[in-house]
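Engineer: Here is the input, now give the coordinates:
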Amino acid sequence: MKVIDLTHTIREDMPVYPGTEPPKLEAANTYEKDGFKETRITMFSHTGTHMDPPAHLYKGRTALDEFPPDQFIGKAVVIDCRTLKNGEAITLKQLEPYGDKISAADFLLFELGWDRLWGTEEYFGDYPCLDDDVMDLIIAGDYKGIGFDVIGLDPIADLELARHHRLFAGNEIVNIENLQNLDQCGSGLFWFSCFPLKVENSDGSPIRAVAWFE
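Structural biologist: Sure thing, here's the model as predicted:
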């Protein structure tokens, strides 16, 4: 079995969404003093490679801990969007080469190649985003989730989070941000899992996103 880690490591100097604070990893107990190591972790719920549920935008909607576990596992396909330039839209043209795999997948993962910019200022730049037609396809589909190797479903400049609102308005779906290594997954369907921490009333959580091939 081939397994690919699609997750960025959580560390204190990692990129975070503008306006939030980076995580803190503090020694709570040490080998020298206590005979064991334990770390106090302080971070926002949308740190690193993470997942948004409907409760992120809408009060009273489904939180991550309310989803059944099978929401976070299924078949995925990576949609290669690396030819797009900064600020261009992800359109149905990018989905066409994948044919029936688009409807057969549980998760659509959009590869912008942006993970190569992780840790740089360019990561917060004008990355391509979904256009209305692709949003309509996703909303009309029966998908468990969508994902990206950029920091947001919406552009950094869109403080209204218009795409987030459209996605979650009537769908029981999750949105994954800050993936990496999607270029290693090929163009076919593969097994994908993205389990979040089970935190009460969770509006978001870091995940360990993994692809595997049997």
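Engineer: Next, count neighbours for K33.
Structural biologist: 8 (other CB atoms under 10 Å). Where C-beta positions appear, they are placed from N, C-alpha and C, glycine not excepted.
Engineer: ranges for the strands of the protein?
Structural biologist: Shown for the chain, the strands assigned by DSSP state E span residues 2-5, 24-29, 38-42, 50-52, 73-80, 89-90, 107-111, 129-130, 145-148, 174-177, 190-196, 205-213.
Engineer: contact partners of the fourth one?
Structural biologist: So that's strand 50-52. 46, 64, 145, 153, 164, 168, 174-178, 194, 196, 203-207 (CB atoms under 8 Å, 6 or more residues apart in numbering).
Engineer: I'd like the strands of the chain as a markdown table, with distance to I139, mean pLDDT and mean neighbour count appended.
Structural biologist: A markdown table is the format used below for the strands of the chain (distance: least, CB to CB, whole Å; pLDDT from 0 to 100; neighbours: other CB atoms under 10 Å):
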| stretch | distance to I139 | mean pLDDT | mean neighbour count |
| --- | --- | --- | --- |
| strand 2-5 | 28 | 98 | 13 |
| strand 24-29 | 37 | 98 | 12 |
| strand 38-42 | 35 | 98 | 11 |
| strand 50-52 | 15 | 98 | 26 |
| strand 73-80 | 16 | 98 | 21 |
| strand 89-90 | 15 | 98 | 18 |
| strand 107-111 | 12 | 98 | 25 |
| strand 129-130 | 11 | 98 | 24 |
| strand 145-148 | 10 | 98 | 25 |
| strand 174-177 | 12 | 98 | 25 |
| strand 190-196 | 20 | 98 | 21 |
| strand 205-213 | 22 | 98 | 20 |
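Engineer: center of this protein, which residue is that?
Structural biologist: I176 (1.8 Å; CA atoms, centre = their mean).
Engineer: Wait, that one touches D149, no?
Structural biologist: No: I176 lies out of contact with D149 (CB atoms under 8 Å); the separation is 9.6 Å.
Engineer: What sits closest to the residue nearest to the centre of the chain if chain neighbours are left out?
Structural biologist: Excluding its sequence neighbours, the residue lying closest to I176 (CB to CB, 6 or more residues apart in numbering) is G147, at 3.4 Å.
Engineer: Could you pull out the helices in this protein for me?
Structural biologist: Per DSSP state H, the chain carries helices over the ranges 31-34, 92-95, 101-104, 132-140, 162-169.
Engineer: now the residue nearest to the centre of the chain: how far from D183?
Structural biologist: 16 Å (CB to CB, to the nearest Å).
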